[in-house]
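Visitor: Build me a model:
(one chain, ligands or ions: 2)
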Amino acid sequence: MGKEGATRGWNPGLDNFFARIITRCKVLHFSPQTSGHGDRGRSIPFGETRLFFAENLFLLGTSIVPDSMVASPEQNEAPSQLALQMRGISKSFGPTPVLRKVDFDLRSGEIHALMGENGAGKSTLMKIAAGLIDQFDGEIYVAGKQHRMAAPRDATRAGIAMIQQELSLVPELAVDENIFLGQEKVRSLFMVDREQQVRMAREVLRPLDFHGRIDQPIAKLRVGEQQLVEIAKALVAKARILIMDEPTSALSASEVEKLFRIIRDLKAQGLSIIFVTHRLEEVMQICDRYTVLRDGRLVGSGLVADMTKDRFLGILGEKRVNVLKLNLALDQLH
Ligand SMILES: Nc1ncnc2c1ncn2[C@@H]1O[C@H](COP(=O)(O)OP(=O)(O)O)[C@@H](O)[C@H]1O
Ligand SMILES: [Mg+2]
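Guide: Ligands and ions are numbered 1, 2, ... in the order given. Reported below is the predicted structural model:
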């Protein structure tokens with residue numbers, strides 16, 4: 001990926017900038033105390049949103065990530081190559097250890113279930129992979145190359161996108177504005193090319209079976225549709241690794257079916273997918289391999305096809321399995 005010196009650039013890319021400034025200020029919680037220094041003339045890393053002072057106005061803009069800097073699919077990648085490797089990941093919040101030397105492997109082109117009861121550390125581990133938590137011990141390799149995940153843009157550059165359980169779209173912005181947030185299509189210095197964005201958003205959303213209006217605010221969409229927008233955003237960012245944190249928890253049965261169709265399609269396109277869940281029946285339906293965390297420790301991993309009832313009970317403990325209400329699905333195991 002680009003050298004640090006080559007990753008500097010600035011293009012505010014605003015159209016109706018008053019409206020956008022107000023919307024984004026609210027969302028990003030910029031305050032006059034922290035924003036009044038004026039970033040004008042300073043170099044800004046690509047993909048970062050900043051408030052700056054110019055022409056007696058506070059402006060907010062996002063520097064553009066050129067296509068050449070976005071992670072592109074690995075060509076001729078060996079099928080067994082690891083898409084993502086996390087080694088010895090430890091994390092504490094205050095005095096409490098939440099992850100203890102966890103290893104996690106994601107193979108290229110697989111759907112990998114990350115399982116464990118509430119509080120096991122699943123979301124924390126995935127947030128670390130997505131650059132959302134910067135203080136941790138351990139190492140992260142993407143396609144065999146070590147990466148420092150100190151911020152979300154590090155993960156984006158490495159081709160990793162995460163759809164968090166609490167979706168992180170901006171409610172007031174339209175579908176296309178959310179999809180292209182931080183990577184806006186621009187017509188000129190101050191003009192976002194909404195027409196192009198809407199057209200491209202429509203193209204990427206069509207195969208996802210999205211029926212909502214692209215120029216309407218995200219807040220008006222159902223959770224299932226918002227999730228499709230998150231997937232579209234990841235695809236536009238050219239993600240090769242997609243992390244979905246409990247994506248089915250707020251979906252209806254038919255929405256889950258549709259999501260599974262999409263996940264299988266993404267796998268067919270060569271994406272590697274981490275599917276965080278505590279629902280065993282979903283793991284058996286859609287996942288190739290699994291990893292189980294318990295109290296912040298790795299307690300088991302393997303092929304879903306090799307998972308037996310005894311092995312699974314051994315990993316999680318019978319009492320915990322009852323807590324997870326997995327008995328129904330367990331009956332389907334041999
Ligand atoms: N930002 C945080 N500050 C303090 N504790 C946290 C924070 N995030 C998670 N935790 C704690 O870390 C543990 C693991 O949480 P999490 O990774 O969300 O588990 P899971 O996703 O498996 O349910 C929990 O005990 C949770 O309360
Ligand atoms: Mg979680």
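Visitor: going forward, measure contacts and count neighbours with C-alpha atoms only.
Guide: Noted.
Visitor: Find me the pLDDT at Ala250, would you?
Guide: At Ala250, the pLDDT value in this model is 87.
Visitor: Name the nearest residue to it, ignoring sequence neighbours.
Guide: Spatial nearest neighbour of Ala250, chain neighbours left out: Val223 (7.1 Å); criterion: Cα to Cα, 6 or more residues apart in numbering.
Visitor: Who are the packing partners of the biggest helix by length in the chain?
Guide: Assignment by DSSP state H gives helix 253-268 as the longest helix of the chain. Helices and strands touching helix 253-268, by 3 or more Cα pairs under 8 Å, 6 or more residues apart in numbering; DSSP states H and E: there are none.
Visitor: CA atoms only: put that helix into PDB for me.
Guide: The C-alpha trace of helix 253-268 is given here as PDB (Å, rounded to 0.1, in the frame of the first residue of the first chain):
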ATOM      1  CA  ALA A 253     -36.900 -15.200   9.000                       C
ATOM      2  CA  SER A 254     -37.300 -14.100   5.400                       C
ATOM      3  CA  GLU A 255     -34.700 -11.400   5.800                       C
ATOM      4  CA  VAL A 256     -32.300 -14.000   7.300                       C
ATOM      5  CA  GLU A 257     -32.800 -16.200   4.200                       C
ATOM      6  CA  LYS A 258     -32.100 -13.300   1.900                       C
ATOM      7  CA  LEU A 259     -29.000 -12.400   3.900                       C
ATOM      8  CA  PHE A 260     -27.700 -16.000   3.600                       C
ATOM      9  CA  ARG A 261     -28.200 -15.900  -0.200                       C
ATOM     10  CA  ILE A 262     -26.200 -12.700  -0.300                       C
ATOM     11  CA  ILE A 263     -23.400 -14.100   1.900                       C
ATOM     12  CA  ARG A 264     -23.200 -17.200  -0.300                       C
ATOM     13  CA  ASP A 265     -22.900 -14.900  -3.400                       C
ATOM     14  CA  LEU A 266     -20.200 -12.800  -1.700                       C
ATOM     15  CA  LYS A 267     -18.300 -16.000  -0.900                       C
ATOM     16  CA  ALA A 268     -18.700 -17.100  -4.600                       C
END
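Visitor: how far out from the middle of the chain is it?
Guide: 17 Å (Cα atoms, centre = their mean, to the nearest Å).
Visitor: residues of it that come out buried?
Guide: Within helix 253-268, the residues scored as buried using 16 or more other Cα atoms under 10 Å are Val256, Leu259, Phe260, Ile262, Ile263, Arg264, Leu266, Lys267.
Visitor: pLDDT and distance to ligand 1 added to the residues you listed, as CSV?
Guide: Conversion of the buried residues of helix 253-268 to CSV gives the following (pLDDT from 0 to 100; distance: Cα to the nearest ligand atom, whole Å):
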residue, pLDDT, distance to ligand 1
Val256, 94, 20
Leu259, 96, 20
Phe260, 97, 21
Ile262, 96, 23
Ile263, 97, 21
Arg264, 97, 23
Leu266, 96, 24
Lys267, 97, 23
